[in-house]
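Peer 1: need the 3D shape of this:
(2 chains)
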Amino acid sequence: MDTFVQQLINGLNVGAIYALIALGYTMVYGILRLINFAHGDVYMVGAFAGFYIALYAGFAAGASMVTLIIVLLGAMIIAAVVGMIIERFAYRPVRKYSRMTTLIMAIGVSLLIENIFVAQIGATPRAFPDFLGSQSQAPYRLFGNAAISKAQIVIFLVSIALMLLLQWIVFKTKVGTAMRAVSFNLNSAKLMGINTDAIISLTFAIGSALAAAGGVLTAQYNPNIDPLMGILTGLKAFVAAVLGGIGNIPGAVLGGLLIGAAETLVVGYGQHIGIASTYRDAVAFAILILVLLLRPSGLLGSTVQEKV
Amino acid sequence: MKRTILALLLITTLCFSFACERRNGGSGTNAVDSGGEIVVGYYGDLTGRTASFGQSTRNGVEMAIDEINKAGGINGRKVRVIVEDDQGEPNKAATVVSKLVNQDKVHAVLGEVASSNSLAAAPKAQEARIPMISPSSTNPNVTQVGDYIFRVCFIDPFQGDVMAKFAANNLKAKRAAILYDFNSDYSRGLREFFTRSFKGLGGEIVAEQSYTQGDRDFSSQLTQIRAANPDVIYVPGYYGEVGVIANQSKQLGIKAPLLGGDGWDSPQLWQLGGASLNGNYISNHYSVDDPSPAIKKFVADYTMRFNISPDALAALGYDSMRVLADAIQRAGGTDSAKLRDAIAQTKNFVGVTGSITIDKDRNAVKPAVVLKLQDQKFVYDTTIYPEGMTPPASSGASPAAGYPSPPAAASPASTAASPAPTRAASQPTNR
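Peer 2: All right, here's what the predicted structure looks like:
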């Protein structure tokens, strides 16, 4: 029992990160009907932004919760700017063309970011500083063997806080109302006097900031960061968004947590039913195929989605 | 019709001319010694997931070459190295070795560290009949590719055996768990040999889990392992994943020590794992703390040149180049068949990583050291000797495991080993 609970904690911990990234996919899709394939790389940019802030500010030596918050906020701001730049210079000029053009542009941007990083800093993984002292601290024991570490608690709390903040922005503020209006109908929103370009830009900024938070948080649990870390994680987060119902914010969170849990449980218990732990990455994509076959609108998606 | 015949004729002539040229080029420079500069090819992962392996080894190779050239070269011939980056990918390793042997016409190839990469590249060297010495690929299959493939390190059956003995005898472990890299020849080999030896010593493997290189989360495997309540956890992986595994096992409250192999040896390991690595053990090729003068000199020279303490991969890179230089000297040149035979006859060559004797399977037979990880350092714990090799007596000179005085570059292999009493006297051997 304690092992199962532990696996669930592990899974939700991984899933929380997927959820943070999936939010960006789902928000951008909701507004532009665009799968922003560069989003996984924004997550990577966020992790590296945090890494370099910590490096140049000398935080690695005096690591603490306060410095983690500074690094987190700094990385979120940088990623938000990167997201806005991508939107302004890559997507906006082609927005008036077919959706396929934007999609191909997204793939191009993704490859561009990855390869700029590989060219500039090399593909060698870097070690993210340990801000929470998790290298030397024993976890908090729950019951039996089940335990939760400080990094996991921080990942849960920060993710939940950010998700609640997002929910508040979307449903309780004026910008949020504008965002929902744009996602409902871009042209009508424009006629109502909404600055749609600004709202789209803001959507990219928020989505990118959330991905960056995911990047910094995950590095507290797995300090190994490299320029290609966003590819697989980004794809899985995309699957999470589709699973929850792309365009649907609570759906992205649910999808992320489910994918994380499914992955972890397959590694943990798959052996008993003849599935090797190396199938971990296949799980998410098997789920993607099942969702597309059985319920293309996703778990929480209500409207019939167009094909992408 | 006329045109077709003409075209066919042209194509046939072209093919023939290429074939002729290739044959000429192939046998001309590769096999026969034409004198002049000696060109050595080095390939390794200078970038990528295990980049510290390739970089350290290259440093060791370059340092050995500089020393050789400073001492007047080999038989008066200078040595030049051509370095190729394979990014740690087997298919790229095969490509760069093809380039080294066919295009650059190197006289010998040094590399790789990771066994999977050596296994992919070795057939290229074997086809061209160019001797290849792997400094540190420990998987037994590497040298079985062909009679031109050698190595200067011990092999995994021994390395797995060392850790199994250490776990059973020194740590008194009865229950072991294994977490290995599913796609790595190195890791899979060590898992197999550790399991065999540990069971032979009366131990039990209580859990076995796997991951693949590039995985980011190991907590589910570690949770299953924790549930099996092992005394030790054997993790025969590479440092990039191991650092994270140590970190996450600490966060799960796992107290059993992790045991590993030479794949852990990298300065990057500490950045990833930090304090969570304390109390774990690895088997390795040598210890920087070794008091013998040869190692002290090597460590001092290397540290001065590269500003970092040499890991075992640097030492093996250095040794592989020096073994090659010694063989070229004995072969009297770079004729590939003679050079191959000379390498195969290497006996009691005194290297930084111990005495190197190439056996009939083209492997080196050497003792291994067990190092304990403590506060960002690999601390020497014990030396374990292979079957049939006698540990040095407390004061006597033993060529088998003696560490000699600073070796001159390209010294003949017959140099008598000088005594190394400090190491032998202070450390209990474990057989």
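
Peer 1: in the stretch 151-300 of chain A, which spans are helices?
Peer 2: Along the stretch 151-300 of chain A, counting by DSSP state H, counting those that start in this stretch, helices occupy A:174-184, A:186-191, A:196-221, A:229-244, A:249-269, A:280-294.

Peer 1: ok, which of these comes nearest chain B?
Peer 2: helix A:249-269 (4.0 Å; CB to the nearest CB). In this view, the C-beta of every residue, glycine as well, is placed from N, C-alpha and C.

Peer 1: would you reformat the helices of the stretch 151-300 of chain A as TSV and include distance to residue A:120?
Peer 2: Output for these, formatted as TSV (distance: least, CB to CB, whole Å):
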stretch	distance to residue A:120
helix A:174-184	34
helix A:186-191	36
helix A:196-221	17
helix A:229-244	15
helix A:249-269	30
helix A:280-294	27
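
Peer 1: my guess is residue B:320 contacts residue B:134, does it?
Peer 2: Yes: using CB atoms under 8 Å, residue B:320 makes contact with residue B:134 at a distance of 7.4 Å.

Peer 1: now the common contact residues for these two.
Peer 2: Jointly contacting residue B:320 and residue B:134 under the rule CB atoms under 8 Å, 6 or more residues apart in numbering or on different chains are B:110, B:152.

Peer 1: any weak-confidence spans in the chain?
Peer 2: All of this is about chain A. Scanning chain A for pLDDT under 70 picks out the ranges A:60-63, A:302-308.

Peer 1: actually it's chain B I care about, not the one you picked
Peer 2: Ranges of chain B meeting pLDDT under 70: B:1-34, B:388-431.

Peer 1: quick one: the helices in it?
Peer 2: B:2-25, B:51-70, B:90-98, B:115-127, B:156-165, B:185-200, B:219-227, B:239-251, B:267-273, B:293-306, B:312-331, B:336-344, B:421-426 (DSSP state H).

Peer 1: of all the ones you listed, which one is nearest residue A:278?
Peer 2: Comparison of those against residue A:278 by CB to CB identifies helix B:219-227 as nearest, at 10.9 Å.

Peer 1: return the closest one as CSV; C-alpha atoms alone will do.
Peer 2: The C-alpha trace of helix B:219-227 is given here as CSV (Å, rounded to 0.1, in the frame of the first residue of the first chain):
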residue,chain,number,x,y,z
SER,B,219,11.4,7.7,-8.7
SER,B,220,9.1,4.9,-9.8
GLN,B,221,11.9,2.4,-10.3
LEU,B,222,13.5,3.5,-7.0
THR,B,223,10.2,3.2,-5.2
GLN,B,224,9.8,-0.5,-6.3
ILE,B,225,13.4,-1.1,-5.3
ARG,B,226,12.8,0.5,-1.9
ALA,B,227,9.8,-1.8,-1.4
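
Peer 1: could you give the angle of that helix to helix A:249-269?
Peer 2: 40 degrees (axes from the mean of the first three to the mean of the last three CA atoms, to 10 degrees).

Peer 1: show me what helix B:219-227 is packed against.
Peer 2: Packed against helix B:219-227 by the contact rule (3 or more CB pairs under 8 Å, 6 or more residues apart in numbering or on different chains; DSSP states H and E) you find helix A:2-32, helix A:249-269, strand B:175-181, strand B:204-211, helix B:239-251.

Peer 1: so what's the residue nearest to residue B:60 when sequence neighbours are not counted up against?
Peer 2: What sits nearest to residue B:60 in space, not counting adjacent residues and going by CB to CB, 6 or more residues apart in numbering or on different chains, is residue B:317, at 2.9 Å. Neighbouring residues of residue B:317 by CB under 8 Å, 6+ apart: B:56-61, B:64, B:110, B:135-136.

Peer 1: in TSV: those residues, plus distance to residue A:129.
Peer 2: As requested, these are exported to TSV (distance: CB to CB, whole Å):
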residue	distance to residue A:129
B:56	23
B:57	28
B:58	28
B:59	26
B:60	30
B:61	32
B:64	36
B:110	36
B:135	32
B:136	30
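
Peer 1: next, residue B:155: phi, psi?
Peer 2: phi -110, psi 170 (degrees, to the nearest 10).

Peer 1: number of residues surrounding it?
Peer 2: Other residues lying near residue B:155 total 25 when counted by other CB atoms under 10 Å in any protein chain shown.

Peer 1: that one and residue B:144 touch, don't they?
Peer 2: No: contact between residue B:155 and residue B:144 fails when scored by CB under 8 Å: they sit 10.4 Å apart.

Peer 1: can you give me the strands for the stretch 1-150 of chain A?
Peer 2: A:126-127, A:140-143, A:146-148 (DSSP state E, counting those that start in this stretch).

Peer 1: that older thread, turn the helices of the stretch 151-300 of chain A into CSV, columns for mean neighbour count.
Peer 2: Putting those into CSV (neighbours: other CB atoms under 10 Å in any protein chain shown) gives the following:
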stretch, mean neighbour count
helix A:174-184, 17
helix A:186-191, 14
helix A:196-221, 26
helix A:229-244, 26
helix A:249-269, 24
helix A:280-294, 15
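
Peer 1: near chain A, which residues of the stretch 101-250 of chain B? Just list them.
Peer 2: By CB under 8 Å from any CB of the partner chain, the residues of the stretch 101-250 of chain B that approach chain A are B:182-183, B:209-212, B:214-217, B:219-221, B:223-224, B:226-227, B:240-241, B:243-244, B:247-248, B:250.

Peer 1: now, of those residues, which are buried?
Peer 2: B:182, B:209-211, B:214-217, B:219-221, B:223-224, B:226-227, B:240-241, B:243-244, B:247-248, B:250 (16 or more other CB atoms under 10 Å in any protein chain shown).

Peer 1: re earlier: for the strands of the stretch 1-150 of chain A, which one sits closest to chain B?
Peer 2: Using CB to the nearest CB, these put strand A:126-127 closest to chain B, at 3.4 Å.

Peer 1: who touches that closest one?
Peer 2: Taking CB under 8 Å, 6+ apart as the rule, strand A:126-127 contacts A:48, A:51, A:223-226, B:243, B:268, B:271-272.

Peer 1: determine which two of those residues are furthest apart.
Peer 2: A:48 and B:243 (18.1 Å).

Peer 1: excluding residues flanking it in the chain, which one is nearest the most centrally placed residue in chain B?
Peer 2: In chain B, the C-alpha nearest the mean C-alpha coordinate belongs to residue B:136, at 0.4 Å (CA atoms, centre = their mean). Nearest residue to residue B:136, sequence neighbours excluded (CB to CB, 6+ apart): residue B:316, at 4.5 Å.
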